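**Q** Turn this into a model:
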Amino acid sequence: MRWHSLYNAQTYLHLVPLLVRDHELINRFQRENNWMLNYVNNWPDLNGWQRRAVKLNHWLVGWAKVGEAVLEFTGLAVLLEKFARALQKSRIARGSKNKGIGRITINEQELEFHPHSPEYAVLNKFNQRVKQLPGLADYQENNSGLEL
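**A** Numbering: from 1, shown residues only. A predicted model of the protein is given here:
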């Protein structure tokens, strides 16, 4: 259960897609992240997401498709991704000297730089409050593997 926690489940469940062209993408996200249902009862209503997202506009969709095609056809997408990756790696290397409670991950699949994650403090406070509830004194939510 890599990086799974109540804190991360709540964070991901509150993500709002800006533009939904294909609801299958949302269905795929839910299938691939069904571990979150270990922490919550159900997924947010898709209609609620759509109310907060950019209204589907044929011009906007058309421009997005043209932009994607240009980036793919010219190879610029790969170059931009390599540039962004190198930039992030250098920022992570510079910033990792001031490490707090958090996690820094650098590999070919992901770049994660959260040296001062609020997850530890939030879950610690949550656990303290749960201990005060009758019958739940032994219950403890773990963090997602943060380094102290």
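**Q** just checking, next helix/strand downstream of the lowest-mean-pLDDT helix or strand in the chain?
**A** Least confident helix or strand, the chain: helix 46-52 with a mean of 64, by mean pLDDT, DSSP states H and E. Using DSSP states H and E, the helix or strand that directly follows helix 46-52 along the chain is helix 58-74.
**Q** which helices and strands sit right next to the helix or strand that that following helix is followed by?
**A** Note on helix 58-74: by DSSP H and E, the next helix or strand toward the C-terminus is helix 76-95. Helices and strands touching helix 76-95, by 3 or more C-beta pairs under 8 Å, 6 or more residues apart in numbering; DSSP states H and E, are helix 58-74, strand 103-106, strand 111-114. Any C-beta I mention is one placed from the backbone N, CA and C, and that applies to glycine too.
**Q** and the gap between the closest residue to Leu136 other than its chain neighbours and Ser117?
**A** Closest residue to Leu136 apart from its sequence neighbours, by C-beta to C-beta, 6 or more residues apart in numbering: Val130 at 5.2 Å. Per C-beta to C-beta, to the nearest Å, Val130 is found 20 Å from Ser117.
**Q** Okay, now the unreliable bits of this protein?
**A** 1, 46-54, 95-100, 147-148 (pLDDT under 70).
**Q** And it, what are its domain boundaries?
**A** Following automatic domain parsing, one gets these domains for the chain: 1-74, 85-148.
**Q** With mean neighbour count as added columns, please give the ones you listed in CSV.
**A** Shown next, in CSV, are the domains of the chain (neighbours: other C-beta atoms under 10 Å):
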stretch, mean neighbour count
domain 1-74, 12
domain 85-148, 13
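**Q** quick revisit: now tabulate the helices and strands packed on helix 76-95 in CSV and tack on distance to His14.
**A** Below are the helices and strands packed on helix 76-95 laid out as CSV (distance: least, C-beta to C-beta, whole Å):
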stretch, distance to His14
helix 58-74, 24
strand 103-106, 20
strand 111-114, 17
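**Q** Many thanks, we can stop here.
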